[in-house]
Structures are given as C-alpha cells and as structure tokens.
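Participant: Take this sequence and fold it.
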Amino acid sequence: MTSRYKTSAMAATANKNMGVTLVGVRTEGEKEVFDLYKKIDSSSGSFFETNKKNSIVISKALAKELKVKLKSKIVLTFQDFNGEITGAAFKVIGIFKTDNSTWDKMHVFVQADDLATVLEIPDDESHEIDILLEDYSQASMISAQMQKKYGDILSEDWSEIQPYISFLTEYMNIMMGVFMAIILGALGFGIVNTMLMVILERTRELGMLMAIGMTKRRVFMMIMLETLFLTLVGALMGVVLSMLLIHYYGITGIDISSMAEGMESVGYSAITFPVLETYRYIQITIMVIIIGILASIYPAIKGLKLDPAEAIRTI
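Facilitator: Predicted coordinates:
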C-alpha cells in the first residue's frame, strides 16, 4: 500500500510547454505497489535513489517532446492546496519507458515531501491511496467494502479507474470463448470422421463379433471406450506440450515488435509473456473428454446398425 499526491501541472522548458499529471510518490511504498522503477535502465538514471530535493522522473517520450535529458531542469506550475498558482523547478534524475507511450507523455513523478511543501497539503492528507492485492479478482469486493465503511472517500477498483482496459479484458475473454468453441467444434468433427473411418475399416470384425453373440450394448461400449481412450491420449499429449511451450515463452516472451508501435499506443507491450492458470488445463481437458464422448455417439450408433450377415461378407 502507498499514498500519493496528484495534481495537474504545466511542465515548461526553454523549448516547449506541456500539460502533465504531477504525481508525488513515497519511494519505498511506491516500489511495493508499482514497478515503474524497473522501467528505468542503468543509463537513464534512477527512481529517487538519493534524497536530493526537487528531483523529477519523466518518460523518454516526454523528454523527447521537451528536449531535455538527465540533469536538465523542468519548471512545473500548478495550483496549491488553497487554489493559488504556484510552482517550482525540478531536476531530471531518471527517465523511464513503459509500454504505453500515451500514458508516458502525461505523467511525471516527484518525491511526495517536495510536492507537499509546495502544495501546502496537511501531513495527514493525500489525494489517493493505492493498494496492491495478491488476487485482482477480489478488487471489486474489497473496494465495495471500503466504500461502505468509509463513506466520505471514493473507493474504486482497477476496472472503474481504467474502464477501457476492463472492456478490452472482457472482449478478449469473449473472443477466447469463441475461438475455443470453434476449436472444440473442429475437434468433434475430427473425432466423428476418425471413428466413422474406423467402423468402415472394421466392418467385418464388428459383424463377426455380433454374429458370435456380442450384444449391441457391448459393441456400443467398445466403440465409446475406444473413442474415449483416443481422446484422453490426445488431450494429455496436448496439455503436456502446451505446458512446456507456455512455460518456455512465459520466461523468454513472444516478440511481436513488428506491431510494437501500434500496440504501445494502447498500453500493450511489444513482448508478450503467456500465462495459463492450472485450473484452465483441467477445464480444457474435461471439455475435450466431453466433446470426445458426445462425438463418439453417432459412430457408435452407425456401428450398431450393421447387419452381421452383410458385414461378414464385406471384403
């Protein structure tokens, strides 16, 4: 958990002026909740490693716009706690780069104590408190509980703060559901086709079994079990292969740098690290087994319709 000061400001240099969101951070708490400090490489300074007064961390995109570099000065002008226009000069000590170039241009970071002094904010107040949860799915419930308990504050979860990202997440879930339905449908037709071919190739064998007294129920179960075993082997091989691939690319990442510029404009990284929860493997395996069982019913019924006498004569 960490607290922040936040205000709109005008960043000015000798070359250009730009409107930005000025964020006052507490270094230790900020590192526990946000990983912005990891977005600064060794040649681009640091994230408030020293306690120098009036230090500022900006993005590479903003540095390019303002034509500044490390140790350059930026003058920030904004309204203080009482609504009066104030400002201060800050020296650039770090330059970061995230996957969202638009967001980068709009945010600059200074130390909370420096900003509080200029804003004249009381020590026991802040503009926002950010909480990082181990399970993001609990965010909406905890946010609602806090809003109910502390009625004089505004409590929002990530989906309310960033509705666009929430929409993209829901959209991707729907698209994945559609893709999964198409893949499982193709799997079902593949199993039907395979088992029909098996029955056609073993017509004589099935006819012989029925002729010597094998009941239709046993024939039906034999075809069903054969299909189930075929599906299980394929499902297990697919799960093991996918686990290995996802583990490998989860470490190395999938480079889609050919689309990097377009994706970074909406906040997506040029390198994707796939992750799949354990329950997803179990879920997919169960779905494949169910599809296999359903797909085996039609071939099994076709096998039951064989006439033993005609089947035995089949060459």
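
Participant: Can you read off the pLDDT for residue 57?
Facilitator: pLDDT for residue 57: 93.

Participant: For it, which three-state class applies?
Facilitator: Recorded secondary structure, residue 57: strand (DSSP: H, G, I helix; E, B strand; the rest coil).

Participant: For it, which non-adjacent residue is spatially closest?
Facilitator: The shortest distance from residue 57 to any non-neighbouring residue, by CB to CB, 6 or more residues apart in numbering, is to residue 94 (4.0 Å). Every residue, glycine included, has its C-beta placed from N, CA and C.

Participant: Surely that neighbour forms part of a helix?
Facilitator: No. Going by three-state DSSP, the assignment for residue 94 is strand, not a helix.

Participant: what's the burial count for residue 18?
Facilitator: Each residue near residue 18 was counted by other CB atoms under 10 Å, and the total is 16.

Participant: Where does it sit: helix, strand or coil?
Facilitator: Taking three-state DSSP, the label given to residue 18 is strand.

Participant: which residues touch it?
Facilitator: By CB atoms under 8 Å, 6 or more residues apart in numbering, the contact set of residue 18 is 10-11, 62, 65-66, 105.

Participant: Sitting in strands, which of those do you find?
Facilitator: Residues of the contacts of residue 18 located in strands (DSSP state E): 10-11.

Participant: pLDDT and distance to residue 198 for the contacts of residue 18 - can I get that in a markdown table?
Facilitator: Compiled in a markdown table, these are given as follows (pLDDT from 0 to 100; distance: CB to CB, whole Å):
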| residue | pLDDT | distance to residue 198 |
| --- | --- | --- |
| 10 | 92 | 75 |
| 11 | 92 | 72 |
| 62 | 91 | 65 |
| 65 | 89 | 67 |
| 66 | 90 | 71 |
| 105 | 87 | 62 |
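
Participant: With distance to residue 247 and neighbour count added, can I get the contacts of residue 18 in CSV?
Facilitator: Converted to CSV, the contacts of residue 18 look like this (distance: CB to CB, whole Å; neighbours: other CB atoms under 10 Å):
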residue, distance to residue 247, neighbour count
10, 48, 15
11, 44, 23
62, 37, 22
65, 40, 17
66, 43, 23
105, 36, 20
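
Participant: hang on, the earlier thing: state whether the residue nearest to residue 57 and residue 44 are indeed in contact, as I suppose.
Facilitator: Yes. The pair residue 94 and residue 44 qualifies as a contact (CB atoms under 8 Å) at a distance of 6.4 Å.

Participant: re earlier: what about the residue nearest to residue 57, how many neighbours?
Facilitator: Neighbours of residue 94 (other CB under 10 Å): 22.

Participant: Quick check: pLDDT value at it.
Facilitator: pLDDT for residue 94: 92.

Participant: Which other helices and strands does the host helix or strand of residue 118 contact?
Facilitator: Taking DSSP states H and E as the definition, one finds residue 118 inside helix 112-119. With contacts defined as 3 or more CB pairs under 8 Å, 6 or more residues apart in numbering; DSSP states H and E, helix 112-119 has these neighbours: strand 2-12, strand 17-25, strand 85-96.

Participant: Could you export these as JSON lines, including distance to residue 155?
Facilitator: Formatted as JSON lines, those follow (distance: least, CB to CB, whole Å):
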{"stretch": "strand 2-12", "distance to residue 155": "14"}
{"stretch": "strand 17-25", "distance to residue 155": "19"}
{"stretch": "strand 85-96", "distance to residue 155": "28"}
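
Participant: Out of those strands, the one nearest residue 143 is which?
Facilitator: Nearest to residue 143, of all these, is strand 2-12, at 16.6 Å by CB to CB.

Participant: What residues sit buried inside the closest one?
Facilitator: Going by neighbour count (16 or more other CB atoms under 10 Å), the buried part of strand 2-12 is 2-5, 7, 9, 11-12.

Participant: Perfect, that will be all.
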